[in-house]
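In: From the sequence below, what's the structure:
(one chain, ligands or ions: 1)
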Amino acid sequence: MIELKDLVKTYRDVHAVKGINLKVPPGEFFGFLGPNGAGKTTTIKMLVGLLKPTSGSVVIGGYDVSKEPLRAKSIFGYIPDRPFIYEKLTGREYLMFIAKLYGVDMKVAEERADEFLSFFDLMDAENALIEGYSHGMKQKLIISAALLHEPKVLIVDEPMVGLDPKGARQVKQLFTDLCRRGAAVFMSTHSLGIAQAMCHRIGIIQKGEVIALGSMEELRRMAKKDQEHLELEDIFLELTGDTNLERLGVSMEHPAA
Ligand SMILES: Nc1ncnc2c1ncn2[C@@H]1O[C@H](COP(=O)(O)OP(=O)(O)OP(=O)(O)O)[C@@H](O)[C@H]1O
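Out: So this is what the prediction gives:
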């Protein structure tokens with residue numbers, strides 16, 4: 001469903017992504033982890049067509065993102081870490097606007113908007129301008145907008161930041177349900193607890209290269225600490241060869257642990 005082929009990105013003299021090969025099949029929840037500056041956001045921006053690869057390609061649902069961007073974009077939903085949102089619209093107007101862009105039938109879109117607004121307790125604010133929303137409310141709206149057209153692929157960059165514990169739990173539920181319905185989910189996060197709990201497979205990127213890839217069991221074996229209860233945090237530190245969690249920018253803590 002998602003395929004990265006020899007993906008490379010170089011910014012002048014910075015080799016941000018150095019030839020990533022990766023496949024995420026339908027129904028898989030894939031976690032993309034790595035220290036600060038490892039190349040996660042650069043990879044995600046190439047995945048969604050916001051950055052042109054220096055070389056290599058990204059194929060989503062059979063469409064090359066660089067060559068057939070509109071077809072590819074019709075298949076996936078994208079939740080960026082720093083989203084842009086039209087603040088002069090109301091929450092409901094924003095959802096309907098995005099639904100129109102994706103060609104969702106308006107009646108279906110109204111129903112889906114109702115479902116999301118009510119799921120996220122945003123009904124009271126549906127006709128208020130987004131500029132008055134809190135950070136968490138905006139985040140919930142952006143997540144709703146990304147899921148409104150029932151994407152076959154979901155690409156997410158740090159989705160839980162700024163959400164309260166209930167919101168984080170709701171978002172995890174939405175993503176997991178989408179995945180169970182057959183979507184491929186590609187999620188970048190620094191929250192190792194969330195990744196360990198939710199992801200079928202995890203890829204760890206460091207200095208632009210995937211240094212480890214597999215299920216928790218496979219990663220445990222790669223870390224050469226084949227212990228049943230080894231946490232992702234231990235594996236991450238072992239494989240990235242760094243023990244300073246703050247410098248790595250990762251956390252085992254998350255609001256809805
Ligand atoms: N526009 C840019 N111009 C030059 N270098 C860049 C640019 N964007 C990113 N980089 C560099 O590319 C490398 C990868 O950055 P990227 O933002 O992809 O990392 P990341 O894994 O998402 O990091 P973080 O966890 O801190 O968000 C870093 O060395 C960064 O400084």
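In: Just the strands from the stretch 151-257 of the chain, written as ranges.
Out: Assigned by DSSP state E, counting those that start in this stretch, the strands in the stretch 151-257 of the chain fall at 153-157, 184-188, 201-206, 209-214.
In: Generate TSV for the ones you listed, with mean neighbour count, mean pLDDT and distance to the ligand as supplementary columns.
Out: Yep, even glycine has a C-beta here, placed from its N, CA and C like the rest. Converted to TSV, the strands of the stretch 151-257 of the chain look like this (neighbours: other CB atoms under 10 Å; pLDDT from 0 to 100; distance: least, CB to the nearest ligand atom, whole Å):
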stretch	mean neighbour count	mean pLDDT	distance to the ligand
strand 153-157	23	95	8
strand 184-188	26	96	7
strand 201-206	22	96	7
strand 209-214	17	94	12
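In: what about those, which gets the closest to Pro26?
Out: strand 184-188 (5.4 Å; CB to CB).
In: so where is this structure shaky, pLDDT-wise?
Out: Scanning the chain for pLDDT under 70 picks out 225-228, 242-257.
In: any idea where the strands of the stretch 1-150 of the chain begin and end?
Out: Shown for the stretch 1-150 of the chain, the strands assigned by DSSP E, counting those that start in this stretch span residues 2-11, 14-24, 29-33, 55-60, 63-64, 76-79.
In: Only C-alpha atoms, please: export the second one in CSV.
Out: These are the backbone C-alpha positions of strand 14-24, laid out as CSV (Å, rounded to 0.1, in the frame of the first residue of the first chain):
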residue,chain,number,x,y,z
VAL,A,14,22.9,17.8,4.5
HIS,A,15,22.1,14.1,3.7
ALA,A,16,18.8,14.0,5.5
VAL,A,17,17.5,10.7,4.0
LYS,A,18,20.0,8.2,2.6
GLY,A,19,18.2,5.6,0.6
ILE,A,20,15.2,4.2,2.5
ASN,A,21,13.5,1.1,1.2
LEU,A,22,10.3,0.2,3.0
LYS,A,23,6.9,-1.4,2.4
VAL,A,24,3.8,-1.0,4.6
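In: and that strand, which strands flank it?
Out: Paired strands of strand 14-24, with direction, are strand 2-11 (antiparallel) (DSSP bridges).
In: buried set for the partner strand?
Out: Residues 2-5, 7-9 are the ones in strand 2-11 that count as buried (16 or more other CB atoms under 10 Å).
In: now, which of these sits nearest the ligand?
Out: In terms of CB to the nearest ligand atom, no member of the buried residues of strand 2-11 lies closer to the ligand than Lys9, at 7.8 Å.
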